[in-house]
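Q: Next come a sequence and a model predicted from it.
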Amino acid sequence: MTKQSVVVPEVAVATPPNTAALFPYPPPRAMPGVAVRKKYLQAQMELGSGLMSGWVESMRASSPTHAKAAAALAAGVDDEHAAWMAKHPSALTMFDQIVAASKGKRIVMFLDYDGTLSPIVDDPDAAFMSDTMRLAVRSVAKQFPTAIVSGRCRDKVFDFVKLAELYYAGSHGMDIKGPAKASRHTKAKAKGVLFQPASEFIPMIQQVNESLIEKTKCIPGSKVENNKFCVSVHFRCVEEKSWSTLADIVKAVLKDYPKLKLTQGRKVLEIRPTIKWDKGKALEFLLESLGFADCSNVLPVYIGDDRTDEDAFKVLRKRGQGVGILVSKHAKDTNASYSLQEPAEVMEFLLRLVEWDRLSKSRPRW
Ligand SMILES: O=P(O)(O)OC[C@H]1O[C@H](O[C@H]2O[C@H](CO)[C@@H](O)[C@H](O)[C@H]2O)[C@H](O)[C@@H](O)[C@@H]1O
């Protein structure tokens, strides 16, 4: 399988069955105010404008647990949230409509890790998944081909999930591997799949990682994480007054590496190769590997909580196919159609899906 063989289909956006009356697909944009503000912040980040205030504002916005977000909520953003929920209804409430859309189709599950299968915690090395969540994911993988799509490096996310029957796309999709253990979904060609479109960047990422470790030592609470094809600089435990200094340091290091770019996740700055590859491309690659390129009889379900998951939600919109579910307690501009509040709800959704599939005798089997 080569990178060239991955085709981004230019299909018209269609409406999945049984959902149109309730909410349009693709879903309407979230509140204009939020969308405009996010576009402004994104533009600043993408242009590398040097407007450090923009970076810091974006860093502040990177987690809605921030005191200002809480204050905004208290100040009556409830209506805004209700409006957002109407546009991105709970995947649990809309469960029947979601499964109705899968009639005659094979479901393929894509699951982000941090914030989706495990709760967000201060220490990235302690983001463990519960045993009950692991059992739920294992049950899902028995019924449907299932992939974990994470910003973490593949080995690390595997160490957390510990399920050999899954597909893994680590480093924001830049490191894809098929199941190590056979399952009834494992076709010979899909099992062997291994794709690393950014291998040439490994030495550069290693250099940047070392340089960042050295240069961020002066910022208490910061943490640099080597994710093999990308690097994460965490600021969750950094005092807010030091955020702009941290952003300055990261940007100064990156000046010497024009082939790397800076993006942002939940209280983390992410350094990635400038190649056109992301979680959305990984989703398409995996569907193709599973034999679903240009197929209408597949329903990809993608669940994620972060900005990087938006690339996958966008792909689903573009295909006019599939279900994007954002994990968030707060209103966010998103391309997902549905929402779930937290990992506990993700688990409930997965278990309902498994139960529903078991009881649906007429479902296509692998
Ligand atoms: O794509 P994901 O699986 O969601 O990975 C994205 C990043 O997740 C991790 O960081 C996030 O979770 C940490 C643990 O809860 C939290 O401390 C941190 O603030 C979050 O940003 C991971 O450590 C990063 O390397 C991933 O890029």
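A: It's in. Residues are numbered from 1 along each chain as shown.
Q: Relative to Leu262, how far out is the closest residue to the ligand within the stretch 101-250 of the chain?
A: Nearest to the ligand in the stretch 101-250 of the chain, going by Cβ to the nearest ligand atom, is Gly151, at a distance of 2.8 Å. Heads up, the C-betas are built off the backbone N, CA and C, glycines and all. With distances taken as Cβ to Cβ, to the nearest Å, Gly151 is found 14 Å from Leu262.
Q: Tell me which of the two has more neighbours.
A: The neighbour comparison of Gly151 against Leu262 (other Cβ atoms under 10 Å) goes to Gly151, with 27 against 18.
Q: does the more buried one count as helix, strand or coil?
A: Three-state call for Gly151 (DSSP: H, G, I helix; E, B strand; the rest coil): coil.
Q: what's the nearest residue to it if we skip its chain neighbours?
A: His172 (5.0 Å; Cβ to Cβ, 6 or more residues apart in numbering).
Q: which SSE is Lys261 in?
A: Taking DSSP states H and E as the definition, one finds Lys261 inside strand 260-265.
Q: quick one: least confident helix or strand in this structure?
A: helix 32-47 (a mean of 41; mean pLDDT, DSSP states H and E).
Q: Those residues of the stretch 1-150 of the chain touching the ligand, which are they?
A: Counting by Cβ under 6 Å from any ligand atom, the stretch 1-150 of the chain comes close to the ligand at 112-115, 120-122, 124, 127, 150.
Q: on that earlier part again, tell me if the strand holding Lys261 is near the ligand.
A: Yes - Strand 260-265 lies within reach of the ligand by Cβ under 6 Å from any ligand atom, at Gly265.
Q: do stretch 323-332 as well
A: No - looking at stretch 323-332 against the ligand by Cβ under 6 Å from any ligand atom, there are no contacts, and the closest approach is 9.5 Å.
Q: The chain should start at 605 in everything you say after this.
A: Yes, from this point I'll number from 605; that puts the last item at stretch 927-936.
Q: buried set for that stretch?
A: Going by neighbour count (16 or more other Cβ atoms under 10 Å), the buried part of stretch 927-936 is 927-932, 934-936.
Q: Can you tell me which of the residues you listed is closest to Leu955?
A: The shortest approach to Leu955 among these belongs to Ile929, at 14.6 Å (Cβ to Cβ).
Q: From what I see, that closest one and Tyr942 are in contact.
A: Yes - using Cβ atoms under 8 Å, Ile929 is in contact with Tyr942, at 4.6 Å.
Q: any low-confidence regions in the chain?
A: Scanning the chain with the threshold set as pLDDT under 70 gives 605-659, 664-681, 788-796, 965-970.
Q: change it to 80
A: The model of the chain has pLDDT under 80 over residues 605-681, 785-797, 965-970.
Q: which SS class is Val712?
A: Going by three-state DSSP: Val712 is strand.
Q: Which strand residues bridge it?
A: On the basis of DSSP bridges, Val712 is bridged to Pro904.
Q: Isn't it up against Ser893?
A: No - at 10.6 Å, Val712 and Ser893 do not qualify as touching, with contact defined as Cβ under 8 Å.
Q: Neighbour count for these two, which is higher?
A: Applying other Cβ under 10 Å to Val712 and Ser893 shows that Ser893 carries more neighbours, namely 25 against 22.
Q: Now do that one against Leu944, distance only.
A: Distance of Ser893 to Leu944, given as Cβ to Cβ: 27 Å.
Q: What segments of the protein are helices?
A: Under the criterion DSSP state H, the chain contains helices at 636-651, 656-665, 671-678, 682-691, 699-704, 735-747, 758-765, 792-795, 806-819, 847-858, 883-893, 914-923, 947-963.
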